[in-house]
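> with the sequence up front, the predicted model follows.
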Amino acid sequence: MKQGTQGAAAPGIPGIPRDGAGRARVPAQARTSPAGDADRERCEPPGAVRGEHTHSEIPIPHPALPRPVVQRASVRGQILDALRTALVAGDLRPGEVYSAPVLGERFGVSATPVREAMQQLALEGAVEVVPNRGFRVVVRGVRELAELAEVRALIEVPVMLRLARTVPAERWADLRPLAEATARAAASGCRATYAEADRVFHRAVLTLSGNEQLVGIAEDLHRRSQWPLTNVPTRRDRADLLADATEHLALLDALTTGDQETARTLIQTHFTATA
């Protein structure tokens, strides 16, 4: 494999690139669609510069922002979080192959934590190993997304209906800051930011069941349902995200006031709306 010229490194202390919310992330790549450009303007901090790439890979630019010091023990976890964010945002494009050394250069770390994070994503079904080349982002379609939505509904809806009947109102009120966080994330228009806030809210709701196995399975399905589709003309835009977040707030309002009928309707329709 021929090695290209390395892009200019971002100033500051070596570490992991982070977004405005303090999360590690992969900066958005160049895209040709107007929708992709709009998403990148919302999600990517201003002043990003583009690094050069190796072989035929799509370049992932460095942001021109200082990067904080991280503990070595947390590098793999931060890289994994960043790669998951990149998958949701579409910065790691379906069908493209990425190598651990090249991604490591973009993050300012060795290839080892990147490779370990990619292997975890392979276990989760997000990427597949390409011998002697790296990892290919899995190509998904509408049918897979519909199947995931169906499975999520089969698991989560009965549990949430039971929790609506048994969990005290004050416990639901404690979750309101998380629901409000989804509304703020939706208002930003950044799909990756919203995906994280949405996942945290749903996890907090299901945690009330006390079933850790259920929470883990549901979270895995949730992540899979957030990966970008390919060859699909429509995607969830800012209005869709706002509508989804509004349902979170309306659900908590119904649960804290004891309006079981409204809560049941919102629970049953929420998964259809997010499919």
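Structure received. Treat the numbers as computed from the prediction; the structure is a model and nothing was measured.

> break the protein into its domains for me.
Domains of the chain are assigned by automatic domain parsing as 34-137, 142-274.

> lowest-confidence stretch among those?
In terms of average pLDDT, domain 34-137 trails the rest of the domains of the chain, at a mean of 73.

> that older thread, now render the domains of the chain as JSON lines, adding mean neighbour count.
Where C-beta positions appear, they are placed from N, C-alpha and C, glycine not excepted. Formatted as JSON lines, the domains of the chain follow (neighbours: other CB atoms under 10 Å):
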{"stretch": "domain 34-137", "mean neighbour count": "18"}
{"stretch": "domain 142-274", "mean neighbour count": "17"}
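
> Ser209 and Leu163 touch, don't they?
Yes: when contacts are counted by CB atoms under 8 Å, Ser209 is listed as touching Leu163 (6.3 Å).

> start to end distance for stretch 220-240?
Using CA to CA, to the nearest Å, the end-to-end distance of stretch 220-240 comes out at 22 Å.

> quick one: the strands in this protein?
Assigned by DSSP state E, the strands in the chain fall at 97-98, 127-130, 134-137.

> what ranges does this protein have for its helices?
34-43, 72-89, 100-107, 111-123, 142-166, 169-173, 176-188, 191-207, 212-226, 238-256, 260-274 (DSSP state H).

> tell me which of those sits nearest to Arg133.
Nearest to Arg133 among these is helix 100-107 (10.4 Å), distances taken as CB to CB.

> alpha carbons only: can I get the closest one in CSV?
The C-alpha trace of helix 100-107 is given here as CSV (Å, rounded to 0.1, in the frame of the first residue of the first chain):
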residue,chain,number,x,y,z
ALA,A,100,-6.5,1.3,11.2
PRO,A,101,-3.2,3.1,10.4
VAL,A,102,-4.8,5.8,8.3
LEU,A,103,-7.6,6.4,10.9
GLY,A,104,-4.9,6.4,13.6
GLU,A,105,-3.1,9.2,11.8
ARG,A,106,-6.3,11.2,11.8
PHE,A,107,-6.9,10.7,15.5
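
> packing partners of it?
Secondary-structure packing of helix 100-107 (3 or more CB pairs under 8 Å, 6 or more residues apart in numbering; DSSP states H and E): helix 72-89, helix 111-123, strand 134-137.

> right, so of those, which gets closest to His222?
Per CB to CB, nearest to His222 of the helices and strands packed on helix 100-107: helix 72-89, 11.0 Å.

> tell me what angle that closest one forms with helix 111-123.
With axes from the mean of the first three to the mean of the last three CA atoms, to 10 degrees applied, the angle from helix 72-89 to helix 111-123 works out at 50 degrees.

> let me know the angle separating helix 72-89 from helix 191-207.
110 degrees.

> by contact count, what packs against helix 72-89?
helix 100-107, helix 111-123, helix 191-207, helix 212-226.

> any idea which of the helices and strands packed on helix 100-107 gets closest to Glu156?
Taking the helices and strands packed on helix 100-107 one by one with CB to CB, helix 72-89 is closest: 19.3 Å.
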